[in-house]
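Peer 1: attaching a predicted model along with its sequence, questions to come.
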Amino acid sequence: MSRTTINLTRPITTESPAGSHYPWEAPYRTEDIATLTYNGANLFHITMGSGAATRMIGPGLSDPDGATVDKLRPEQLVNRDAVVVAIPAGETPGREIGADAIRAALDAADLRAGDAVVLATGWGDDPARFTDDDYYLDSPYLTVEAATTLAELLTRNGTDLVLTDCVYLDRPAHARDEWTTLKPWLRPVFPSDAATTYLAHYRPDSVRDDWAATVALTSSVWTVAGLVGCGALAGRRIRLTLAPLNVQGVGEVPCTVIAQPT
């Protein structure tokens with residue numbers, strides 16, 4: 001009997017505002033290289049930021065000596081046993097997920113040694129929201145204590161992979177206050193002069209404040225953010241197959257994630 005196969009990957013489309021909210025992001029764009037009508041084939045020049053969709057993040061994001069995505073072994077990506085852990089956020093804007101919620105959710109889950117863990121908040125369950133700015137800006141996020149606790153508990157369990165439908169792991173206060181509050185025409189997307197100038201002043205102290213949870217988790221556990229449709233799997237055991245782009249030397253790349261309930 002065949003298993004149900006579910007794609008937990010957010011589609012990459014030109015209609016989505018993904019990649020257009022923060023100065024280091026770049027939205028998905030296509031430009032014709034050749035067309036079917038004129039050349040007999042459709043070829044495209046594609047640009048996007050590394051965080052424009054569902055993506056895998058690893059130690060190389062914040063550590064110059066950390067592992068990059070191309071160093072992942074095939075067995076880390078294929079047919080992974082996983083449990084889907086429910087931490088419901090519903091449609092509550094900007095819900096903070098704390099350490100106590102992480103502990104309680106993992107305690108209640110059927111977590112086994114070495115399992116990958118999917119944190120399902122339900123935030124990515126409604127495809128109609130994927131074209132709304134609020135979906136990206138008001139995602140649930142982890143506190144630093146929650147991310148540190150999660151990393152410790154997963155490492156103790158022998159887990160090297162965690163996935164979530166949170167769009168971002170943090171809610172970056174500096175960048176939100178200084179950039180996303182501006183009118184859209186005052187914050188053109190990268191590589192605009194405005195974005196480049198902001199990044200020239202976005203120094204490590206601000207980055208550490210804004211992305212402390214991301215660094216705390218991804219420094220020790222490979223992480224996938226921006227899943228969709230995993231709320232319906234909450235509480236279930238599944239098998240996962242991941243297909244990150246095999247780009248050399250980077251700590252974050254778009255990633256396809258396929259689930260099969262067991």
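Peer 2: Great, that's in hand. Computed from a predicted model, the values in this text were never measured in an experiment.
Peer 1: low pLDDT regions in the protein?
Peer 2: 1-2, 90 (pLDDT under 70).
Peer 1: chain center to the lengthiest helix in it, what's the gap?
Peer 2: Secondary structure of the chain read by DSSP state H shows that its longest helix is helix 144-156. Relative to the centre of its chain, helix 144-156 is centred 17 Å away, using C-alpha atoms, centre = their mean, to the nearest Å.
Peer 1: what of stretch 186-194?
Peer 2: Taking mean C-alpha positions (C-alpha atoms, centre = their mean), stretch 186-194 and its chain are 23 Å apart.
Peer 1: can you check the distance spanned by it, start to finish?
Peer 2: 8 Å (C-alpha to C-alpha, to the nearest Å).
Peer 1: ok, residues contacting that stretch?
Peer 2: Residues outside stretch 186-194 that contact it (C-beta atoms under 8 Å, 6 or more residues apart in numbering): 19-20, 23-27, 49, 179-180, 195-196, 199. (C-beta placed from N, C-alpha, C; glycine too.)
Peer 1: go again using 6 Å as the cut-off
Peer 2: Contact with stretch 186-194 is made by 20, 26-27, 179, as judged by C-beta atoms under 6 Å, 6 or more residues apart in numbering.
Peer 1: what of stretch 104-111?
Peer 2: Contacts of stretch 104-111 (C-beta under 6 Å, 6+ apart): 83, 85, 87, 153.
Peer 1: residue nearest the centroid of this structure?
Peer 2: Taking C-alpha atoms, centre = their mean, the centroid of the chain lies closest to A225, which sits 2.0 Å from it.
Peer 1: for it, what are its contacts?
Peer 2: 164, 166.
Peer 1: separation between P261 and A34?
Peer 2: 42 Å (C-beta to C-beta, to the nearest Å).
Peer 1: now do Q76
Peer 2: In terms of C-beta to C-beta, Q76 sits 37 Å off from A34.
Peer 1: over to V78?
Peer 2: From V78 to A34 the distance is 35 Å (C-beta to C-beta).
Peer 1: a helix runs through I258, doesn't it?
Peer 2: No. According to DSSP: H, G, I helix; E, B strand; the rest coil, I258 belongs to no helix; its state is strand.
Peer 1: does S139 touch D165 like I think?
Peer 2: No. In this structure, S139 is not within contact of D165 by C-beta atoms under 6 Å, at 8.5 Å.
Peer 1: now do the shared contacts for those two.
Peer 2: Between them, S139 and D165 share the contacting residues W123, judged by C-beta under 6 Å, 6+ apart.
Peer 1: who has more neighbours, the two?
Peer 2: D165 (27 against 24; other C-beta atoms under 10 Å).
Peer 1: contacting residues for the more buried one?
Peer 2: 120-121, 123-124, 227, 230.
Peer 1: V117 too?
Peer 2: 85, 159, 162.
Peer 1: which among those residues gets closest to A113?
Peer 2: T159 (8.3 Å; C-beta to C-beta).
Peer 1: okay, the closest one and A108: tell me how far apart.
Peer 2: For T159, the distance to A108 - C-beta to C-beta - is 16 Å.
Peer 1: which parts of this structure are helices?
Peer 2: 36-39, 99-108, 133-137, 144-156, 173-175, 193-201, 204-210, 212-218.
Peer 1: tell me the buried residues in the longest one?
Peer 2: Neighbour-count burial for helix 144-156 flags 144, 146-151, 153-154 (criterion: 16 or more other C-beta atoms under 10 Å).
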